[in-house]
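> Next input, structure requested:
(chains A and B)
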Amino acid sequence: MIRVQGLFKRFGEQAVLRGLDLDIATGEIMVVIGRSGGGKSVLLKHLIGLLRPDAGAVIVDGTDITRLRGRDLDRVRERYGVVFQGGALFDSMSVSDNVAFPLREKSRLGAAEIRGRVDEKLQQVGLAGMGHKDPAEISGGMRKRVAIARALVTEPEIVFFDEPTTGLDPILVNTIHHLILELHRKFRFTAIMVSHEIPEIFEIADRVAMLHEGAIVEVGPPDAVRASTNPVVQQFIRGDIEAVPAEARR
Amino acid sequence: MFSSPSADTWPGPLRPVAALGHASLEMVQALGRFGRFFAQAIGYIVVPPFKVGRLIDRIHFIGFRSLTIVILTGAFTGMVLGLQIFLTLSRFGSEAYLGPAVALSLIRELGPVLCAVFVTGLAGSALTAEIGIMKITEQIDALQVMALNPVRYLVVPAIVAGVITFPLLVSIFDMVGIFGGYLVGVELLGLSPGTYFGEMKTFVDLSDLMTGYWKAVSFGIIVPWVCTYKGFNCGNGAEGVARATTQAVVLSSVLILVWDYFLGSVLP
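Numbering: from 1, shown residues only, chains lettered A, B, ... in the order given. Alright, predicted model coming up:
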C-alpha cells in the first residue's frame, strides 16, 4: 500500500504540488490523469524518491520514504520498476544488455540465467530476436517496450509508468496498454501510471485519479470518474477548451 | 541551503554592493557543491563495491581513444622544441645541450600540461557530453531507481581511470616528443645521436621524472572531476549540454595551468 499524505512541492515561486493526498492499494492499476505541466511527473518522482517534498509524506508499506536516504532508500527502490517517459534506455548498450543491466548489477544470477530471463522478457513484450540491436536502431514503440521489459525483469512489486504511450500512434497506444494489462494479470504488481490518453486509459485502470492544480480533485473507478460532476474532470475528459469557472475547480 | 534575497529588493545605491554580495555567495555555494561532489567520489573510491567493468571501459574511453592524438601532438611538440631550442642554443655554441633541453621541457612541463589539455579536449569533453545527455534523457534517474549510485557508477571509474591513464599517456607523449626532437636535431640539423642522448642522461634525473609524474596524476584527477561534475550539472536540452561541455573544457584547461604553476613551485 502506498499512501501519499499532504504533499507540497514548490520550484522557486511556482507551487507544483499543494497538499496532495492519494492512497494506492496493493495490486491495483492506479492511473493519474491531468493536464500537461500539472505536476503528474513531479508526483511520480516523489513516489520513486527522486524528489523530496517541501512537506508531506510518501508512505510505502508503513515506511515514509521521504525520510530515507542511501542504502535504506535503495532497499525500497529494489522493489520498484520504473518505465520513464522517454524510455531512458542506456545508449551505450544493446537492447538485451539494457534489459539485463539491473540483473547484472543487483542480482547474484549467473550469466546463463540472466540471458534466459532477458530472452523471456523480450518475448513477453513482443521483441524476441531484437536483443542485439542498439536503442537508436529501433522505433519509439519498441523503445517503450524495451523499457517495460527492463522495468519488469527484476519482477518488482511496484511498477511506475511515466506516460508510457506519449508520442505513439493510436494502434501502438492500445498495444502498449494491452501489454501492460497482460503483464499485470500475470505478475500482479502494483501499477502507478501517469497518462493523458483519454479515453483509452479507462479500459485498463482499476482506479483513476485526476490531478489538477497540485491536488487530487477526483479519484475512483473509471466509470465513477467518467460520471463525475466535477467540471474540471468533465472538461479534461471531453477535451473542452472553454475555461472552467475558478470556484468549481476545487 | 542558504539563499540571499535578490539584489533588486535593495535600495538603489546599495544594489551594486548587494549584487556583488549575491554573486559572491553564489560562487561560494558553487565551490561548495564542486568540492562536495569530489569528496563524495573519493568516499566511493575506498568503499566497495568497485565497478571493475566500468573502470576498464573508462580506461579505454580516456586512455586508448586518446592515444592517436597524444602520439601526433607529442611528435610535433618535440619537433618544434628540437628546432627552436637548436636555433637558440646554436647562437651560444651550445647545441650539445639540445637533448637535455628538449627532455627537461617535455618531462617537467610540456608533456603533462599539453597532454592533459589535449585529453581534456578529446575525452573530457566527450565525458561531459555523455553524462549530460544521460542526465537530460533520464538515464541517470534510471540508475538511481535501480538502486545504483550514479556517482559510484559514472564518476569514480572516470577518476580512477584518469589516475591510471594520464601518467601512461604523458610517458608516451614525452617519449614520442623526445624522438621528435631527435628527428629534427639529429636527422635534420646534423647533431650527433650520442650527444643528443648522452647529455640527456647527465642532466635528467629522477626528481624531474617524478615532477612530471605527479603533475600527470593530479591532472588525471582534475580533468575527470571537472568534466563529470559539469555533465551532472548541465542545463536542459542540447544547449545545456553544449554549454556544459564548453565550460568543462575551459575550466579544466584553466585548472590544469593553475595547478601546474602551483606544483611547479612546490615540487623540486
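> Near chain A, which residues of the stretch 51-200 of chain B? Just list them.
Applying C-beta under 8 Å from any C-beta of the partner chain, we find that the stretch 51-200 of chain B lies next to chain A at B:130, B:133-134, B:137-139, B:141-142, B:144-148. All C-beta atoms are positioned from the backbone trio N, CA, C, and that covers glycine.
> would you list every one of the helices in the stretch 151-268 of chain B?
Here the stretch 151-268 of chain B has its helices, by DSSP state H, counting those that start in this stretch, at B:156-182, B:193-203, B:206-232, B:237-266.
> Check which helices and strands the longest one is in contact with.
The elements that helix B:237-266 packs onto, with contact taken as 3 or more C-beta pairs under 8 Å, 6 or more residues apart in numbering or on different chains; DSSP states H and E, are helix B:111-119, helix B:125-136, helix B:206-232.
> what inclination does the last one have with respect to helix B:111-119?
Looking back up the chat, that one is helix B:206-232. Interaxial angle of helix B:206-232 relative to helix B:111-119 (axes from the mean of the first three to the mean of the last three C-alpha atoms, to 10 degrees): 20 degrees.
> Which strands and helices lie in contact with helix B:206-232?
Checked by 3+ C-beta pairs under 8 Å, 6+ apart, helix B:206-232 has helix B:15-46, helix B:111-119, helix B:125-136, helix B:156-182, helix B:237-266 packed alongside it.
> starting at the chain centroid, how far to it?
5 Å (C-alpha atoms, centre = their mean, to the nearest Å).
> and it, average pLDDT?
Taken as a whole, helix B:206-232 carries a mean pLDDT of 96.
> Can you lay out the helices and strands packed on helix B:237-266 as CSV showing mean neighbour count and distance to residue B:98?
Converted to CSV, these look like this (neighbours: other C-beta atoms under 10 Å in any protein chain shown; distance: least, C-beta to C-beta, whole Å):
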stretch, mean neighbour count, distance to residue B:98
helix B:111-119, 25, 17
helix B:125-136, 22, 35
helix B:206-232, 22, 16
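> Specify the beta-bridge partners of residue A:190.
When assigned by DSSP bridges, residue A:190 has beta-bridge partners residue A:158.
> isn't it right next to residue A:156, touching?
No - using C-beta atoms under 8 Å as the test, residue A:190 is too far from residue A:156 to be in contact (9.1 Å).
> Mind checking which of the two has more residues around it?
Neighbours per residue, other C-beta atoms under 10 Å in any protein chain shown: of residue A:190 and residue A:156, the larger number sits with residue A:190, 23 against 19.
> Contacts only, for that one.
A:2, A:24, A:25, A:26, A:27, A:28, A:30, A:157, A:158, A:159 (C-beta atoms under 8 Å, 6 or more residues apart in numbering or on different chains).
> How much space separates it from chain B?
For residue A:190, the distance to chain B equals 15 Å [C-beta to the nearest C-beta, to the nearest Å].
> how close does residue B:86 sit to residue B:99?
Residue B:86 is 10 Å from residue B:99, where distance means C-beta to C-beta, to the nearest Å.
> Check the contact lists of these two and give me the overlap.
In contact with both residue B:86 and residue B:99: residue B:185, using C-beta under 8 Å, 6+ apart.
> Among the two, which residue is more densely surrounded?
Ranked by neighbour count (other C-beta under 10 Å), residue B:86 and residue B:99 place residue B:99 first, with 29 against 22.
> just the strands in chain A please.
A:2-11, A:14-24, A:29-33, A:55-60, A:63-64, A:80-83, A:158-162, A:190-194, A:207-212, A:215-220 (DSSP state E).
> okay, those strands in CSV with mean pLDDT next?
As requested, the strands of chain A are exported to CSV (pLDDT from 0 to 100):
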stretch, mean pLDDT
strand A:2-11, 94
strand A:14-24, 93
strand A:29-33, 94
strand A:55-60, 94
strand A:63-64, 93
strand A:80-83, 94
strand A:158-162, 94
strand A:190-194, 94
strand A:207-212, 93
strand A:215-220, 93
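> Using JSON lines, lay out those strands together with distance to residue B:211.
Shown next, in JSON lines, are the strands of chain A (distance: least, C-beta to C-beta, whole Å):
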{"stretch": "strand A:2-11", "distance to residue B:211": "49"}
{"stretch": "strand A:14-24", "distance to residue B:211": "54"}
{"stretch": "strand A:29-33", "distance to residue B:211": "61"}
{"stretch": "strand A:55-60", "distance to residue B:211": "54"}
{"stretch": "strand A:63-64", "distance to residue B:211": "54"}
{"stretch": "strand A:80-83", "distance to residue B:211": "50"}
{"stretch": "strand A:158-162", "distance to residue B:211": "53"}
{"stretch": "strand A:190-194", "distance to residue B:211": "57"}
{"stretch": "strand A:207-212", "distance to residue B:211": "62"}
{"stretch": "strand A:215-220", "distance to residue B:211": "64"}
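> Let me know which of the ones you listed is the nearest to residue B:183.
strand A:80-83 (57.9 Å; C-beta to C-beta).
> Quickly run through the sheet partners of that closest one, with directions.
strand A:158-162 (parallel).
> then the partner strand to CSV, C-alphas only?
Provided in CSV are the C-alpha atoms of strand A:158-162 (Å, rounded to 0.1, in the frame of the first residue of the first chain):
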residue,chain,number,x,y,z
ILE,A,158,5.5,-1.9,-7.7
VAL,A,159,5.9,-0.5,-11.3
PHE,A,160,5.7,3.1,-12.2
PHE,A,161,4.8,4.2,-15.8
ASP,A,162,5.5,7.8,-16.7
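> starting at the chain centroid, how far to that strand?
Offset of strand A:158-162 from its chain centre (C-alpha atoms, centre = their mean): 3 Å.
> between it and strand A:29-33, how many degrees?
Counting by the same axes, to 10 degrees, strand A:158-162 lies at 30 degrees to strand A:29-33.
> got the angle for strand A:158-162 vs strand A:55-60?
130 degrees.
> any idea what sits nearest residue A:155, other than its immediate chain neighbours?
residue A:187 (6.6 Å; C-beta to C-beta, 6 or more residues apart in numbering or on different chains).
> what about the one you found, how many neighbours?
Using other C-beta under 10 Å, residue A:187 has 15 neighbouring residues.
> need the contacts of residue A:190 in a markdown table with neighbour count, can you?
Below are the contacts of residue A:190 laid out as a markdown table (neighbours: other C-beta atoms under 10 Å in any protein chain shown):
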| residue | neighbour count |
| --- | --- |
| A:2 | 18 |
| A:24 | 23 |
| A:25 | 11 |
| A:26 | 12 |
| A:27 | 14 |
| A:28 | 16 |
| A:30 | 20 |
| A:157 | 17 |
| A:158 | 22 |
| A:159 | 23 |
